[in-house]
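>>> Can you look at this prediction? I've put the sequence above it.
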Amino acid sequence: MSSPLIQTRGLQTGYQTGDTTTVTTRGPLSLEVRRGQLVCLLGPNGAGKSTLLRTIAGLHPPLKGNVEINGRDIRLHSPIQRARTVSLVLTERVSTHHLDVYSLVALGRYPWSGWLGGLDSTDRAAIELAIDAAGIRSFLDRKIITLSDGEHQKVMLARALAQDTPLLMLDEPTAHLDLPSRIHLMRLLHKLAGQTGKGVLLSTHELELALQVADEVWLLQDSTTFHHGAPEDLVLTGAFEAAFAHEDIRFDKHTGTFAIEHEHRRPVAFSGEGLAAQWTLRALRREGYFISDDAPCSIRIGHDGGWTITREGRSNSFSDISSLLQALGKSD
Amino acid sequence: MPGFFSKVRLAGLLLLLFLAFLLDISLGPVKIPLREVLHILFSSPSADSSWTFIVGKIRIPKALTAVLAGCGLSVSGLQMQTLFRNPLADPSVLGITAGAGLGVAMVMLAGGNMATLFAIRELGLSGSLLITIAACLGAGLVMILVLILSSRLRDNVLMLIIGIMIGSITISITSIWQYFSSPEQVKDYLLWTFGSLGGVTGGQLLILGTVIALGLIMAWLSSKMLDALLLGENYARSMGLDPRKARLVIICSSSLLAGSITAFCGPIGFVGIAVPHITRQIFRSSDHRVLVPGCCLTGALLLLLCDTLSQLPGSPTVLPINVITALAGAPVVIALLLRQKNINAY
């Protein structure tokens, strides 16, 4: 195994305002990110994800313990050395008038370029590479303020890639993105980690996506509870379920998905097979039914594709799920 | 480095600047033919020795002062707007200008100190070396205070608020002095606050030129940091910017520029806030390696034109420069800003 890119020793994070100290993560945390690894930092809102991320990036001082790059405390590195090791994508939007996409990506070369910001051929090559990796070549001339959230996120990613650091950290990169963009971004980061050997650490709310791409998950439940390990292990130990425990939500260990829990569940009997059966079950679950063989009402999917409700000896047929649910609702 | 588009515009501005310079030195209360002015400009004395004196000793130094003040105030304003990410910031936000005013007030309103008053009356208001020294001291003291505070702060927004507070305190002290002074003394002080480009000659011009050059070089060297600061302090730090060092360099150069100009010319308003906006519109760029020279040229051009206007061509009256800068400049800025959709995104 390669040596870690970054590691924390006995880390406790939080912030100090005057005489008050607010601990966001009690720790002590001993964590590490290695080359080629994609680590997802998960946790509910307000659990301290951003503070932890900013502390690891060296933007925020730890309360206790330290963060080390190449075995040396991050605070002992010069700002330039640090910027050559860790690049960041933050949640804030850049809204500078007249700043175009290429110039912004080029700013990523800050820790490498000359002292007036002049770019040499190495810098230009790195910028080109970053532009292609993030897939933003089609709007290089646009001004930053005209970009959509998704485009903006890609541009900020390209800027971080141009910084050419072994470690890439992203704070909620999938926020504000639509589903295809979220999946695209996660796949891109997964690919980057695998192909370029970069270490990627990102915080996200996308549990289901994280389960599919993360090599390791850091699960921040609250200020005192922290789990880390392979995502599958965390599912099996129940850590996942505990972290997001809520009366309205249930984590399905079999599918790795969350389901909305209903307060009053009603029984219904069901028989049927195939894809139609699967989606009918989903619809029933959504409406708050659970399957029970001795329910007074039963649903059957016929071979011809229609749905039949049988209740107290009387049967009604329906041609789609929508009308089926309507009829069920009325009869309750 | 500046692209082709920017280079053409820089060259165009340079040409306009040269023309404005000629216009400024050929107009004035005394009519002098343009041929004679050109003659004197290229160092051959005119037949009329009073013309040589007027052009060589009054008009050229005044135009040069306008160029220096235009460059310095505009670049200082640009730096403040970027550092504080605030489109309303200008050279006065750090209180340096107010500090210079306090220095001047201390000398002028020193409570009937006859020697001081004699010196002012005798040497003329703006030409008084004493006043310049007092203003330098006032600006310098506030600048040192601001620099000490800036090295202790983490946040640029706090720095902005503290700078404005220091300015307010300084203005209050000046007001107390005014309150207890005689109307004549207050009028003298008031005249100083109108600003004046005249009266900076010879050795003083050399000193002003050297300080401005120093400030501009520092500003040019800080352009990479200013570019990074456009993305906000967090991103700037993540890219390797040392926020305290950046703040120190930027504030140092900005106060040298604003402080020295206020000391020699009085508080010239408006240029520092308006020119950066005009320059961004002209170059459609946020690259400070373009904007710093761009602000220099635009600022110098604007102040030369204002100076030409202030002499009210064709009349012997000369209006204070401060009156003209805002009167002529503000409509330009309003027109430019109305053309852009998002005024808040500077």
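Now that the structure is in, tell me what you want to look at. Numbers count the residues shown, from 1 in each chain, chains lettered A, B, ... in the order given.

>>> Contact partners for residue B:89?
B:77, B:80-81, B:83, B:160, B:273 (CB atoms under 8 Å, 6 or more residues apart in numbering or on different chains). (C-beta placed from N, C-alpha, C; glycine too.)

>>> Could you dump the residues you listed into TSV and include secondary structure and neighbour count?
Putting these into TSV (DSSP: H, G, I helix; E, B strand; the rest coil; neighbours: other CB atoms under 10 Å in any protein chain shown) gives the following:
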residue	secondary structure	neighbour count
B:77	helix	29
B:80	helix	26
B:81	helix	23
B:83	helix	24
B:160	helix	18
B:273	helix	24
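
>>> now, among the residues you listed, which is nearest to chain A?
Using CB to the nearest CB, residue B:81 comes nearest to chain A of the contacts of residue B:89, at 11.0 Å.

>>> Find me the pLDDT at the nearest residue to the closest one once chain neighbours are set aside, would you?
Once flanking residues are discounted, residue B:81 sits nearest to residue B:89: 4.7 Å by CB to CB, 6 or more residues apart in numbering or on different chains. Per-residue pLDDT puts residue B:89 at 83.

>>> roughly how far apart are residue A:188 and residue A:273?
In this view, residue A:188 and residue A:273 are 39 Å apart by CB to CB, to the nearest Å.

>>> just residue B:147 next, same as before
79 Å.

>>> Settle it for me: which of these two has more neighbours?
Neighbours of residue B:147 and residue A:273, each counted by other CB atoms under 10 Å in any protein chain shown, are more numerous for residue B:147; the result is 15 against 9.

>>> chain center to the strand or helix carrying that one, what's the gap?
Here residue B:147 sits within helix B:129-152, counting by DSSP states H and E. For helix B:129-152, the separation from the chain centroid amounts to 16 Å (computed by CA atoms, centre = their mean, to the nearest Å).

>>> as a whole number, average confidence for it?
Across helix B:129-152, the per-residue pLDDT values average to 81.

>>> for the closest residue to chain A within chain B, helix, strand, or coil?
Across chain B, no residue is closer to chain A than residue B:240, which sits at 3.0 Å (CB to the nearest CB). Classification of residue B:240 using DSSP: H, G, I helix; E, B strand; the rest coil returns coil.

>>> try residue A:8
Applying three-state DSSP to residue A:8 yields a three-state assignment of strand.

>>> I'd say residue B:218 and residue B:249 touch.
Yes: counting by CB atoms under 8 Å, residue B:249 is a contact partner of residue B:218 at 6.3 Å.

>>> distance of residue A:10 from residue A:298?
Distance of residue A:10 to residue A:298, computed by CB to CB: 60 Å.

>>> ok, those two, which is more surrounded?
Between residue A:10 and residue A:298, residue A:298 has the larger neighbour count (other CB under 10 Å), namely 17 against 12.

>>> quick one: the host helix or strand of the more buried one to chain centroid distance?
Using DSSP H and E, residue A:298 sits within strand A:297-301. In terms of CA atoms, centre = their mean, the centre of strand A:297-301 is set 39 Å apart from its chain centre.

>>> which residues touch it?
Strand A:297-301 is contacted by residues A:268-274, A:276-277, A:280, A:284, A:307-311, A:324, A:328, A:331 when judged by CB under 8 Å, 6+ apart.

>>> Output the contacts of residue B:89 in TSV, with pLDDT and distance to residue A:131 appended to each entry.
Listed next are the contacts of residue B:89 as TSV, based on pLDDT from 0 to 100; distance: CB to CB, whole Å:
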residue	pLDDT	distance to residue A:131
B:77	93	34
B:80	90	33
B:81	90	29
B:83	88	29
B:160	85	35
B:273	89	36
